[in-house]
Structures are given as structure tokens and as C-alpha cells.
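Engineer: Here is the input, now give the coordinates:
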Amino acid sequence: MDKKTKIKVEDYMRIHSIDVTQNNIEYYSKIGEYFEKSHGTVVEKLENFSKYVPRQMLTRFLAKYELFKRILSIHGSIIECGVFHGGGMMSFAQFSAIFEPVNHQRRIIGFDTFEGFKSISKVDYQTSTDLSQTYEGGLRANSYEDLKECSELYDLNRFLGHINKIELVKGDACITIPKYVKDNPHLVISLLYLDIDLFEPTKVALQNFLPRIPKGGIIAFDELNASNFPGETMAVLEEIGISNLKIERLPFDSCMSFAVVD
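Structural biologist: I've put the predicted structure just below:
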């Protein structure tokens, strides 16, 4: 593995909060090669996905499943702030298609710039312990068109596929979130998943979406108590107050946390 490849692998691991150990570096450097040369067609490989999905990503998938189980009887849509490449959003969409195939009122709504961070506030600059990804354009995932196609394919393989389940909202969340709430006065939210990393958009999300969550609904956090992206914690402190929430975690996932609205 050359130096350039090693740096890219380590950056990927830091983004996903994966321990940068020599074994993990070696694994992430080789798993892509193994997938390409492994026996079977692409579809057959997808059908046997557990051969190829890193343990850490499978953990995230199971964690989101646990969240979904908790809101299965709670009315409202699922909102993910920070879609990135779409794995989390599509996990929630698949769970809904499997466990509640006729619940056409539950929509999966994803907010992202799809162009990386639009701006960085002083709060983020002054409090982060790692600014390697905290810059304008950081964590860019140009996945908007790709996810539109993915959504269309998803509709082909579910009940009531003629009624759209997934909605993508592109742009600066500080602008798109208030506009979305204004344009959709009927909005009720069963699960708000915050993975937007920065202070200002997280604050705007809480201001606009929290009043739309009924009792029993969930607010989930991807970077709470994370020193590299402290803006999420700062926004929660300012808008809700940590002591006003019973913040829980799953025993097998060290990063994600959540609070049930009561």
C-alpha cells in the first residue's frame, strides 16, 4: 500500500469514527480488492453482503434498525439531516418497506447540500479538536443524482411503489429546513436523525423540527460528545439543554446516541 492510499484510507476511517489501527488500515485497504475479485456476479455479491460489509458499517445498520423498531408505532416521517452517500437514509427506507409496507404516510426525508459544508461558524472552528474535515466543501458527497436513481429502483421493489417514499432536499440546511417546514405545515416527525456535524445547521434543525416530534418520537445524534465535531453538542446545549434529555446509547455502537421525547 503506497502512502497516498494509506492517507485516503485513514481519512475515511476518521470520518466514520473507526479506530486507526494497523489491522483496520490493512482491512480497509484490501476489502475493496477482495470484493472485485471475489466469486460471483455483482447481484450475487450483494445478496451475500455480509461477506464484504465492514463490521463497523454493519454495526451502524443494526443501530439504525434498533431506532426504527422504537418508532414503528409512532406516527410521522423520518428525517435525516446529513445524507452523505445515502446508506443511512436507505436503511430507514428499507426498514419501512419491510415492516410497514402499507404505511404510505411515513416518508423518509433527507437534507444535505450534496456539496459539502457550506460554511463553518466560529463555534465549530474554536471548539473542534480536529479541523481536518472542517472546512468549506468538507465531507462533500456528490450523490444527489445517484440517490434519485437509487430511490426509483427502490420503488420498483416495494409495495405501493407508486407513492413516493423518499424525498431529497438539496441545499444549505439553514435555508432549506425552515422553507420545508413552511411549505409542509402537515409535517409530523417520528425520528429526527442529526448527522449534520456543524453548529448552525444542527441548531436550525432543532428549532424547526423539535416542535413537530410527538411524545415517543426520537431525536438521534451522530456526533454528540464528539470532540472533532463539537457543534452538534453545542447546538443541543443551546436549544434543548443536555440535562433536559435522557440520552441513551446502544451497547454495541459507541458513537450514536438518542433521546425519546417525553
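Engineer: quick one: G217 and I71, what's the gap?
Structural biologist: G217 sits 6 Å away from I71, going by C-beta to C-beta, to the nearest Å. Backbone N, C-alpha and C define where each C-beta goes, glycine included.
Engineer: Mutual contacts of these two, please.
Structural biologist: Common neighbours of G217 and I71, counting by C-beta atoms under 8 Å, 6 or more residues apart in numbering, are S190, L191.
Engineer: Could you give the backbone dihedrals for I219?
Structural biologist: As for I219, its main-chain torsions (degrees, to the nearest 10) stand at phi -110, psi 120.
Engineer: so who does it touch?
Structural biologist: Contacts for I219 (C-beta under 8 Å, 6+ apart) come out as L192, L194, L206, L210, I213, L245, F258, A259, V261.
Engineer: let's go with 10 Å and repeat that
Structural biologist: 189, 191-194, 205-206, 209-210, 213, 236, 240, 245, 247, 257-261 (C-beta atoms under 10 Å, 6 or more residues apart in numbering).
Engineer: Can you pull the poorly scored residue ranges out of this protein?
Structural biologist: Applying pLDDT under 70 to the chain flags residues 1-7.
Engineer: Could you break it into its assigned domains?
Structural biologist: With domains defined by automatic domain parsing, the chain comprises 1-53, 56-260.
Engineer: now, of the ones you listed, which is deepest in the fold?
Structural biologist: When these are scored by mean count of other C-beta atoms under 10 Å, the highest mean neighbour count falls to domain 56-260 (a mean of 17).
Engineer: Show me where this protein has its strands.
Structural biologist: Taking DSSP state E as the test, the strands found in the chain are 77-81, 108-112, 166-170, 189-194, 218-221, 248-249, 257-260.
Engineer: out of these, nearest to V43?
Structural biologist: Set against V43 and scored by C-beta to C-beta, the strands of the chain come closest in strand 166-170, at 21.8 Å.
Engineer: chain center to the closest one, what's the gap?
Structural biologist: On the basis of C-alpha atoms, centre = their mean, to the nearest Å, strand 166-170 sits 13 Å off its chain's mean C-alpha point.
Engineer: so it versus strand 108-112, what angle?
Structural biologist: Here the directions of strand 166-170 and strand 108-112 differ by 20 degrees (axes from the mean of the first three to the mean of the last three C-alpha atoms, to 10 degrees).
Engineer: Strand 166-170 pairs with which strands, and in what direction?
Structural biologist: If you go by DSSP bridges, strand 166-170 pairs up with strand 108-112 (parallel).
Engineer: Would you mind writing the CA trace of the partner strand as CSV?
Structural biologist: Output of strand 108-112 as CSV, limited to C-alpha atoms (Å, rounded to 0.1, in the frame of the first residue of the first chain):
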residue,chain,number,x,y,z
ILE,A,108,-38.0,9.3,4.5
ILE,A,109,-36.8,12.8,4.0
GLY,A,110,-33.1,13.6,3.6
PHE,A,111,-31.5,17.0,3.9
ASP,A,112,-28.0,17.6,2.5
